[in-house]
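In: structure for this input, please:
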Amino acid sequence: MTDTIDKLNYVPQVLAVSPNEAARLCSIGRTTLYAALSSGELKSVKIGTRRLITLDALRDWLKLKEATAGE
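Out: Model (predicted):
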């Protein structure tokens, strides 16, 4: 019985998102996000034909932008 309840309460952890979803999460435009990808500021991974951005990479990029905004 406990196993069933545990399975119902399980929420999968998202590890990576598409560029469109990353832009939406950051409340920025896709053009801005793709510029960061092409410049190398924002790291991503390509698996097959999909481009994915890890949430860690997204957080790191936002911290970098926050630090440079304060200068």
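In: what is the longest helix of the protein by residue count?
Out: helix 55-69 (DSSP state H).
In: give me the buried positions along it.
Out: 57-58, 61 (16 or more other Cβ atoms under 10 Å). In short, each C-beta sits where N, CA and C put it, glycine included.
In: what's the closest of those residues to residue 24?
Out: Nearest to residue 24 out of those is residue 58 (Cβ to Cβ; 11.3 Å).
In: let me see the contact set for the closest one.
Out: By Cβ atoms under 8 Å, 6 or more residues apart in numbering, residue 58 lies in contact with 17, 22, 25-26, 42.
In: ok, back up a step: save the buried residues of helix 55-69 as TSV, and put in distance to residue 32 and pLDDT too.
Out: As requested, the buried residues of helix 55-69 are arranged in TSV below (distance: Cβ to Cβ, whole Å; pLDDT from 0 to 100):
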residue	distance to residue 32	pLDDT
57	15	96
58	13	95
61	11	96
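In: reformat these as a markdown table; add distance to residue 71.
Out: Shown next, in a markdown table, are the buried residues of helix 55-69 (distance: Cβ to Cβ, whole Å):
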| residue | distance to residue 71 |
| --- | --- |
| 57 | 22 |
| 58 | 21 |
| 61 | 16 |
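In: give me the subset of the contacts of residue 58 lying in helices.
Out: Here DSSP H is the test, and the contacts of residue 58 give 22, 25-26 as lying in helices.
In: which of these tops the neighbour count?
Out: Scoring those on neighbours with other Cβ atoms under 10 Å, the highest-scoring entry is residue 22 at 25 neighbours.
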